[in-house]
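Peer 1: what would the 3D arrangement of this be:
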Amino acid sequence: MGQHWKKIWVGSAGNMVEWFDWFVYASFATYFAGAFFPAGNDTAKLMNTAGIFAVGFFMRPVGGWLLGRIGDRKGRKAALTTTVTLMSASAVLIAVAPTYAVAGYGGVAVLLVARLLQGLSVGGEYAASATYLTEASPPGRRGFASSFQYVSMTAGQILGLGLQIVLQHTLSSSELHSWGWRIPFIVGALGAAVIFYLRRNMLETEAYTEATAETAGEGAGESAAQAAERGTIRALMRHKREAFLVIALTMGGTVAYYTYTTYLTKYLSNSAGLPKQTATLVSFCALIVFACLQPLAGALSDRIGRRPLLITFAVGSTFLTVPIMTLLKHAGSFWPALGLSLLALVVVTGYTSINACVKAELFPTGIRSLGVALPYAIANALFGGTAEYVALWFKKGGIESGFYWYVAGCAAVSLVVYLTMRETRDIDLKRVGAGAPQGEPEAGKVPAS
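Peer 2: A predicted model of the protein is given here:
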């Protein structure tokens, strides 16, 4: 059991730093938006930075394919080490990017390259960590263990918001806008260097090691043909249904997650009229509670299954998004805003706590990393990465409430998927094909309801 927790700790710690770097771009955008673009409308500046934020998401399918392939062919450890290297490089680039006053749109070019690297990194990080955490977990505990992916993701955002709160209270507004916003990216680059060292010494998962054993003496292993096709698009095409499921079940969850985490601080500040410090504190407190909920919900899924939690999320998000967002706009102060934010995040927990293991449980070992990475990255590029931009587009057009219905509609589509998909809790991840006894499902094959 100690080795299992060591694997979970190392995978989670790296994920935390990756997502710290990813999210501080969004949370500090209100401070550096004016540094890279000429004077003009504040919402337009935020749309420009949100557009670059979205571009990072469109690189995620490329990262999902590249790093998913590495994860299936070279191992989960190799993929995780590569992702954190890319993320460290991107953080350094943002930290040193020249402003518009110094280099004109040259600074935007540096910012764009950095976001492209981040997109590559996070495109592979999600799948690599989801696969690693799921495979490193004992049977019957996968929901609990894999929930730490979103614990670590949220912890990264909490650290980013916490640093923002500290900087807001130690630096003046002009200092934050001129140079203070660079500090979190320097911190992120240093953190990534530490995680790189930890991941170089991490252990590979047993499921991957056993599946790729090359001699009969090492275990069942796989055939030469299977080994040649690990992590390839050809192999993924044999699991088209599962790939579609990943896209469809991600759609509602990723829009809701980015709405109530990444976009929430801006929404409370720009639409609800709360001071930036208050809006940041609301997000910070809500995310702490949200992180604590993940293992509880994950453990519950190990007892009752994954589908009940997914369905609860989708029903809640479909019918509560519009009233919650409407009330948030008129919250007016800290406590009402916090209460509504917590209600929203409790609903989202039904998705975030278990989506990693659900996706990993859909695929066999030889294609698991790519099978999770590429479809998930496509869904995030289309829906997650554009959520903030869509919200600001509706706001600029004077119909901000249209975004609320957009979020609810995405959740409704995922609800249909959750209602029709089959349970994945009892899949044996080490069954890689022909060896599964009769009556036991192969990995990637879900038993009939």
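
Peer 1: the nearest residue to residue 122 once chain neighbours are set aside: how many residues sit nearby?
Peer 2: Nearest residue to residue 122, sequence neighbours excluded (Cβ to Cβ, 6 or more residues apart in numbering): residue 22, at 5.5 Å. In short, each C-beta sits where N, CA and C put it, glycine included. Number of residues near residue 22 (other Cβ atoms under 10 Å) recorded here: 26.

Peer 1: again, but for residue 31
Peer 2: Residue 31 has 22 neighbours, counted by other Cβ under 10 Å.

Peer 1: how about residue 166?
Peer 2: 11.

Peer 1: quick one, phi psi at it?
Peer 2: The phi and psi values for residue 166, taken as degrees, to the nearest 10, are phi -60, psi -50.

Peer 1: and it, how far from residue 292?
Peer 2: With distances taken as Cβ to Cβ, to the nearest Å, residue 166 is found 22 Å from residue 292.

Peer 1: repeat that for residue 240.
Peer 2: 38 Å.

Peer 1: repeat that for residue 314.
Peer 2: Distance, residue 314 to residue 292, using Cβ to Cβ: 22 Å.

Peer 1: one more: residue 304?
Peer 2: 20 Å.

Peer 1: with residue 148 instead?
Peer 2: Note on residue 148: its distance to residue 292, by Cβ to Cβ, is 12 Å.

Peer 1: same question for residue 255.
Peer 2: 23 Å.

Peer 1: check residue 143 too.
Peer 2: Counting by Cβ to Cβ, the gap from residue 143 to residue 292 is 16 Å.

Peer 1: neighbour count for those two, which is higher?
Peer 2: residue 143 (29 against 12).

Peer 1: OK, contacts around residue 262?
Peer 2: Going by Cβ atoms under 8 Å, 6 or more residues apart in numbering, residue 262 touches 23, 26-27, 157, 387-388.

Peer 1: please read the previous query as pertaining to residue 208.
Peer 2: 75-76, 135, 365.

Peer 1: cool, and residue 375?
Peer 2: So residue 375 contacts 64, 243-244, 246-247, 250 (Cβ under 8 Å, 6+ apart).

Peer 1: same thing but at 10 Å, please
Peer 2: 61, 64, 68, 127, 236, 239-240, 242-250, 359, 362-363 (Cβ atoms under 10 Å, 6 or more residues apart in numbering).

Peer 1: ok, now residue 367?
Peer 2: Residue 367 makes contact with 68-69, 72, 226, 229-239, 242-243, 432, 443-444 under the criterion Cβ under 10 Å, 6+ apart.

Peer 1: secondary structure element holding residue 315?
Peer 2: Here residue 315 sits within helix 307-329, counting by DSSP states H and E.

Peer 1: quick check: buried residues in that helix?
Peer 2: Going by neighbour count (16 or more other Cβ atoms under 10 Å), the buried part of helix 307-329 is 307, 309-318, 320-321, 324-325, 328-329.

Peer 1: for it, the distance to its chain's centre please.
Peer 2: Relative to its parent chain, helix 307-329 has a centroid offset of 19 Å by Cα atoms, centre = their mean, to the nearest Å.

Peer 1: identify each buried residue in the very next helix or strand once past that helix, please.
Peer 2: Going down the chain from helix 307-329, the next helix or strand is helix 334-352, by DSSP H and E. By 16+ other Cβ under 10 Å, the buried positions in helix 334-352 come out as 334, 337-338, 340-352.

Peer 1: how about stretch 410-420?
Peer 2: By neighbour count with 16+ other Cβ under 10 Å, stretch 410-420 contains the buried residues 410-415, 417-418.

Peer 1: ok, residues contacting it?
Peer 2: Taking contacts as Cβ under 10 Å, 6+ apart, the residues outside stretch 410-420 that touch it are 244-256, 259, 306-321, 347-348, 350-351, 358, 379, 383-384, 387, 449.

Peer 1: which residues of the stretch 1-150 of the chain score low on pLDDT?
Peer 2: By pLDDT under 70, the low-scoring segments of the stretch 1-150 of the chain are 1-4, 37-50, 53-54.

Peer 1: where along it do the strands fall?
Peer 2: Here the stretch 1-150 of the chain has no strands by DSSP state E, counting those that start in this stretch.

Peer 1: same for the strand or helix carrying residue 188, what does it pack against?
Peer 2: According to DSSP H and E, residue 188 maps onto helix 183-200. Taking 3 or more Cβ pairs under 10 Å, 6 or more residues apart in numbering; DSSP states H and E as contact, the helices and strands that helix 183-200 lies on are helix 2-27, helix 76-96, helix 148-170.

Peer 1: would you mark the buried spots in the longest one?
Peer 2: Okay, so that is helix 2-27. Neighbour-count burial for helix 2-27 [16+ other Cβ under 10 Å]: 4, 7-8, 10-27.

Peer 1: just the second one next, same as before
Peer 2: In terms of neighbour count (16+ other Cβ under 10 Å), helix 76-96 has its buried residues at 76-95.

Peer 1: residue contacts, the most centrally placed residue in the chain?
Peer 2: For the chain, the residue sitting closest to the mean C-alpha position, by Cα atoms, centre = their mean, is residue 126 at 6.0 Å. By Cβ under 10 Å, 6+ apart, the residues touching residue 126 are 15, 18-19, 60, 63-64, 67-68, 83, 149, 153, 355-356, 359, 372-373, 376-377, 380.

Peer 1: tally of neighbours for residue 304?
Peer 2: Residue 304, neighbours per other Cβ under 10 Å, totals 12.

Peer 1: do residue 397 as well
Peer 2: Residue 397: 10 neighbours (other Cβ under 10 Å).

Peer 1: can you give me the distance of it to residue 262?
Peer 2: 21 Å.

Peer 1: over to residue 416?
Peer 2: 26 Å.

Peer 1: give me the neighbour count for residue 109.
Peer 2: 14.

Peer 1: equivalent analysis for residue 210, please.
Peer 2: 17.

Peer 1: same question for residue 194.
Peer 2: By the criterion of other Cβ under 10 Å, residue 194 has 14 neighbours.

Peer 1: please apply the same query to residue 102.
Peer 2: Residue 102 has 10 neighbours, counted by other Cβ under 10 Å.

Peer 1: ok, now which ones touch it?
Peer 2: With Cβ under 10 Å, 6+ apart, residue 102 has these contacts: residue 35.

Peer 1: and for residue 190?
Peer 2: Counting by Cβ under 10 Å, 6+ apart, residue 190 has contacts 17, 88, 91-92.

Peer 1: just give me the closest of the residues you listed to residue 211.
Peer 2: Distance ranking of the contacts of residue 190 against residue 211, using Cβ to Cβ, places residue 17 first at 28.4 Å.
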